[in-house]
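J.: model the following, please.
(2 chains)
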Amino acid sequence: MKKTRKLEDKEKKKGTLKGIAILFVVATFVPSLLEPGESLLAIKGGKILTMAGRVYEDGSLIIKKGKIWKVGKAISIPKGARIVDAQGKYVMPGIIDSMCYFGVRPFSLNSSEPVTPENRIVDAYYVFGELMRGPGGIQAEEELLCGGVTTVYIAPGSAQLIGGQGAVLKTFGRDYESLILRESASIDMTLAYAPLAESGMPSSNPPSRMSSMALLRKSLLEAQDYLKKIEEYEKMSEDEKKKSQKPSRDLGKEALASLLERKIPARIEADFVDDILAAIRLADEFKLDLVIDSGIGAYKVREILAKKKIPVVLGPPSHPIDYVSHLNNLIELQQLESERNASLLLDAGVKISISSQAKDFGGSGKATQGRWLLLEAALATGFGLSEEEALKAVTINAAQILGVADRVGSLEPGKDADVVILDGHPLRVETHVEKVFIDGCLSYEREKEE
Amino acid sequence: MKRERKCFWYFTMFIFLVSGLGLGLSGEEDTFALKGALVHPVTSASIEGATILVKKGKIVALGKDISLPEGIRVVDVRGKEIIPGLVDPHSHIGVFAANDANELPQPIGPENRALDALHLDLPDWMEAVKGGVTTVVTGPGSGERMGGQSVTIKTFGKDLEKRILKESGELKMAVNGVNLSHIPTIQANFLKAREYLKKWERYEAEADKASPPERDLSLEALAKVLKGEEVLRVHVIWANDIISFLKMKDEFGFELQFIHAPEAWKVAEEIAKRKVGVICMPIILSINLPEDLLKGIVTLQRSGVKIAMHSDYPVAPEKWFRLNASLAIRYGLEKEEALKAITINPAEMAKVDTRVGSIEVGKDADLVVLNGPWYEISSTVEKVFVDGILAYDSLREEER
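T.: The predicted model follows:
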């Protein structure tokens, strides 16, 4: 009897969620999910971890029109503000998953060519729920929001040398546009074992590390020429322009050109030391901004990474190795693996973030999910990482590496009001996320236990 | 004369050195005590500031006021927590390394033994030890309907023979809830095995032992399950498969356990009624089950089902097996029950609970020393003893 009632409640809850999600999908004119008068919101009384160097015991945070207005200890709450009581709770910025495949169906991840810089993951970002079924709100809630994740970086898969352009997105928003923080946030590349070993397209990829690097260099050289041609044309006077042919656009080269212009970084997935060094060599030759992805063996070259200021987006500490797809490399990878990767890198002065690398939309992926990212950070604290650094690795550091620290990653005036309220210390296993605000909107609320 | 004496001196030195080296290398010490930790024996109440006395690889005393023999080594573990060596009841460690786990063209292979594919020279075993896992049941994959027999083994020890707790003891099967032929195929095989068993029983009863029936390894393995010598373990996902197997249990009377079974909580009462154990989710942070399903373990446990956690290595790393219990606590299980689910419960399911699974006098000295609350994710394993031998010490671990 009790069980049925619970099920009914659940259904009801799902119903309202569906409602929200439908709003999200069809909202073209919905002014705001906020109730009238809620454009001023005060979160009051919690322990506020700003992730910008300050911790306020019994602090307050005031949100105005989706942005953080004030944060501090003795702040007067403006009249008319709706008050969210956070007494005894922890308040922190929204969690950022700096590498995952959320919202991308597996078959959308890779193309059959080894080099496709023109591909944009944002075109495959499917946040509309199950195909021809319900809306997507529940999925986001179950996989991300219940773990406080408000921002994700998603990218093409790792079965290609150059997969394409990654994107930085929010996990909930009023409309599609408000989800997008950076439509083109990087060129995502993969070196060595992954393009060769992952199933799907082994034949079209270069067969060795040497030819992989040669193909990468060739592609970047072509992009250099392309950029030069465009620049030469742009420099011409109007008369000259009329006389000469305008260079035709090439989407792939254009994407690589933005890499050469350092508008976006190259994110290169590399685990073995030789691959990391090859990536660094490539970045040096073409003067690219480089971010190393996964980096299981990065601690072995930490001095070089620190000197060159190359950040590393680490995979989940609980599952550094994708055991099932790397059976052939397993022993090699295990010998490379160290629980202290994060802390060794950090102590050497390398900026790190911790990501879930979660694959698949609802199915069983490589490993962890965004919702457990805080637990992953907690695991790293067992191996030399301080609690503060572990939290930074899933908030402000991740935002900086993704190039969105002006908007998210810490609780500072002027930034987006992406705020998480937790019922305990964020790194304890029994702690749950209670409320998530994105752009000041209540986007998730945990069901009360009976 | 002088020379002779010198030789004798060298000889004694040599003997002394060799014996000393031998002792040092093996790390074997006859008797020692761990003193001052918060000990969770699992089968009895936790003791603050307890002493555990270990002799010849066994636990010989446990308690708050233990009088220690004079001169024995005492390891100071004040401020630490000690739990029994963990028991992972479902893993493919050592079997999957050379892709030996599945016989895909052969769906029915109860005669296959994981023991014959056991790869012992792998870093995986040490990874397991580092995570506090000292006993595993490792076996065939789920590629076949009847995968074969698993082996129950310690994760550490020089002598393979001594490491093995049970050469078999578990027959692994797998069904997918979709293919209608799975259940009748398995049923038909059990019927054959029943006849086979009868044939042998008739033969055993005969006075004249002249013409024994032909041996069939496949049916022999199934017959062992029918006789109750081995446990049948089934990889199930769907609740309907659980019901099918429960019915089969009613028909054949074998001992049954389920593996994975994310839907087991939906039919918890049916399972509890038949005293069937469930080796269940959460597989630590590996399987993307919704929060509701993760809460299912609480329903199972409260319905009276014996539950255990598993790593299903290589699905989840053996090293983090302990975190299964942490997650179970996160999703509502009591701490004591969660600890049971990674120690005594799997030991009982694998029928090795007389030796492992709890800290009790007479049991193997498989002990895990942690630097904080055993269930907290940020706590780390500091020392692991297997059969009284220090198998891992985080302080000695070289920085790689």
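J.: can you tell me how far A:V152 is from A:L145?
T.: In this view, A:V152 and A:L145 are 11 Å apart by CB to CB, to the nearest Å. Placement of C-beta: from N, CA and C, glycine included.
J.: more neighbours, those two?
T.: Just comparing A:V152 and A:L145: by other CB atoms under 10 Å in any protein chain shown the higher neighbour count belongs to A:V152, 31 against 28.
J.: wondering if the host helix or strand of that one reaches chain B at all.
T.: Here A:V152, judged by DSSP states H and E, is contained in strand A:149-154. No - using CB under 8 Å from any CB of the partner chain, strand A:149-154 stays clear of chain B, coming no nearer than 13.7 Å.
J.: rounded mean pLDDT for that strand, please.
T.: The average pLDDT within strand A:149-154 is 95.
J.: what is that strand packed up against?
T.: On a contact count with 3 or more CB pairs under 8 Å, 6 or more residues apart in numbering or on different chains; DSSP states H and E, strand A:149-154 meets strand A:95-100, strand A:162-170, strand A:180-190, helix A:396-402.
J.: how far off centre is it?
T.: In terms of CA atoms, centre = their mean, to the nearest Å, the centre of strand A:149-154 is found 4 Å from the chain centre.
J.: strand partners (parallel or antiparallel) of it?
T.: If you go by DSSP bridges, strand A:149-154 pairs up with strand A:95-100 (parallel), strand A:162-170 (antiparallel).
J.: please identify the most buried of those.
T.: strand A:95-100 (a mean of 30; mean count of other CB atoms under 10 Å in any protein chain shown).
J.: report the distance from that one to the chain centre.
T.: Its chain's C-alpha centre and that of strand A:95-100 lie 3 Å apart, by CA atoms, centre = their mean.
J.: before we move on, what about stretch B:373-381?
T.: 20 Å.
J.: name the residues that touch it?
T.: By CB atoms under 8 Å, 6 or more residues apart in numbering or on different chains, the residues outside stretch B:373-381 that reach it are A:375, A:378-379, A:381-383, A:427-429, B:40, B:81, B:83, B:130-132, B:322-323, B:325-326, B:329, B:335, B:338-339, B:368-372, B:392, B:394.
J.: try 6 Å this time
T.: The contact list for stretch B:373-381 (CB atoms under 6 Å, 6 or more residues apart in numbering or on different chains) reads A:375, A:378-379, A:381-382, A:429, B:81, B:83, B:132, B:325-326, B:329, B:368, B:370-372.
J.: kindly reformat the strands paired with strand A:149-154 as TSV containing mean pLDDT.
T.: Formatted as TSV, the strands paired with strand A:149-154 follow (pLDDT from 0 to 100):
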stretch	mean pLDDT
strand A:95-100	95
strand A:162-170	94
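J.: returning to what we had before: name the residues that touch the strand holding A:V152?
T.: With CB under 6 Å, 6+ apart as the contact definition, strand A:149-154 has outside contacts at A:94-102, A:104, A:121, A:166-171, A:370, A:402, A:408, A:418, A:438.
J.: could you give the angle of that strand to strand A:180-190?
T.: Interaxial angle of strand A:149-154 relative to strand A:180-190 (axes from the mean of the first three to the mean of the last three CA atoms, to 10 degrees): 40 degrees.
J.: what residues of strand A:149-154 count as buried?
T.: For strand A:149-154, burial by neighbour count (16 or more other CB atoms under 10 Å in any protein chain shown) applies to A:V149, A:T150, A:T151, A:V152, A:Y153, A:I154.
J.: chain B versus the fifth one, what's the distance?
T.: Relative to chain B, A:Y153 is positioned 19 Å away (criterion: CB to the nearest CB, to the nearest Å).
J.: interface residues of the stretch 101-250 of chain B facing chain A?
T.: Taking CB under 6 Å from any CB of the partner chain as the contact definition, the stretch 101-250 of chain B meets chain A at B:P123.
J.: and the helices in the stretch 101-250 of chain B?
T.: Under the criterion DSSP state H, counting those that start in this stretch, the stretch 101-250 of chain B contains helices at B:123-130, B:160-163, B:182-205, B:217-227, B:239-252.
J.: alpha carbons of the longest one, as CSV, please.
T.: Provided in CSV are the C-alpha atoms of helix B:182-205 (Å, rounded to 0.1, in the frame of the first residue of the first chain):
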residue,chain,number,x,y,z
HIS,B,182,17.7,-19.3,-22.7
ILE,B,183,15.6,-20.7,-19.9
PRO,B,184,14.4,-23.9,-21.6
THR,B,185,17.9,-24.6,-22.8
ILE,B,186,19.2,-24.4,-19.3
GLN,B,187,16.2,-26.4,-18.0
ALA,B,188,16.8,-29.2,-20.6
ASN,B,189,20.4,-29.4,-19.5
PHE,B,190,19.5,-29.8,-15.9
LEU,B,191,17.0,-32.6,-16.8
LYS,B,192,19.8,-34.4,-18.6
ALA,B,193,22.1,-33.9,-15.7
ARG,B,194,19.4,-35.3,-13.4
GLU,B,195,19.3,-38.5,-15.5
TYR,B,196,23.1,-38.6,-15.6
LEU,B,197,23.1,-38.4,-11.8
LYS,B,198,20.6,-41.2,-11.5
LYS,B,199,22.6,-43.4,-13.8
TRP,B,200,25.6,-43.0,-11.6
GLU,B,201,23.6,-43.5,-8.4
ARG,B,202,22.2,-46.7,-9.8
TYR,B,203,25.8,-47.8,-10.7
GLU,B,204,27.1,-46.9,-7.2
ALA,B,205,24.3,-49.0,-5.7
